[in-house]
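Student: need a structure here:
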Amino acid sequence: MKHALARGLSYEEHLRTISAREMVEWEALNTIEPLFDRADYHTAEICTVIAGIVSKKTPQFERFLMFHVPEKKPAQSMDEMKAVAKQLHNLFKGRG
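Tutor: Below is the predicted model of the structure:
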C-alpha cells in the first residue's frame, strides 16, 4: 500500500499498473531503505531521554509512542480452558 502512496496512485491503480518484477524491486528497496519511517519512534526516543534527565523515575519508552501496539493477552491455562468447557457443557446440556 505504501508503494501506491509513494507513486501517488490509489491501491487499485497501483496493482493494475505495476509488474511483478517492479513489485519485487519495490519490496527489495523497502527492506534496505524503508519508504516511510516511524517518526513517532524517534520522537518517543527523544522524549524518553529528556524525561530521564528531568525525572527521578526511569521513563517508559512506550508511554511516549503515538501508536500503541496492543499487548497480547496471556494464554489460558489448561484449568481455565477446562472450566470454560465445563460451563459451556452445563449451559447447553439437554439441548439439541
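
Student: Going by C-alpha atoms from here, please, whenever you check contacts or count neighbours.
Tutor: Noted.

Student: buried stuff in the helix or strand that contains Asp40?
Tutor: Assessed by DSSP states H and E, Asp40 sits inside helix 39-54. Within helix 39-54, the residues that count as buried by 16 or more other CA atoms under 10 Å are 41, 44-45, 47-48, 51.

Student: Is it possible to get those out as TSV so that each row also shows distance to Ser10 and pLDDT?
Tutor: Shown next, in TSV, are the buried residues of helix 39-54 (distance: CA to CA, whole Å; pLDDT from 0 to 100):
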residue	distance to Ser10	pLDDT
Tyr41	27	78
Ala44	31	86
Glu45	33	88
Cys47	35	91
Thr48	37	91
Ala51	41	92
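
Student: ok, the residues you listed vs Met78, which is closest?
Tutor: Nearest to Met78 among those: Tyr41, at 37.7 Å, using CA to CA.

Student: Okay, Ala85 and Met78: tell me how far apart.
Tutor: 10 Å (CA to CA, to the nearest Å).

Student: what mean pLDDT would you report for stretch 87-94?
Tutor: The predicted model assigns stretch 87-94 a mean pLDDT of 84.

Student: Numbering from 23 from now on, please.
Tutor: All set: I'll call the first residue 23, so the last point we hit is now stretch 109-116.

Student: List the buried residues of that stretch.
Tutor: Within stretch 109-116, no residue counts as buried by 16+ other CA under 10 Å.

Student: what comes into contact with it?
Tutor: Counting contacts by CA atoms under 8 Å, 6 or more residues apart in numbering, no residue outside stretch 109-116 touches it.

Student: Ranking helices and strands of the protein by mean pLDDT, which lands last?
Tutor: Ranked by mean pLDDT, DSSP states H and E, the helix or strand of the chain with the weakest confidence is helix 24-29, at a mean of 68.

Student: so what secondary structure elements neighbour the helix holding Asp62?
Tutor: Contacting helix 61-76 under the criterion 3 or more CA pairs under 8 Å, 6 or more residues apart in numbering; DSSP states H and E is no other helix or strand.

Student: Good, we can wrap up now.
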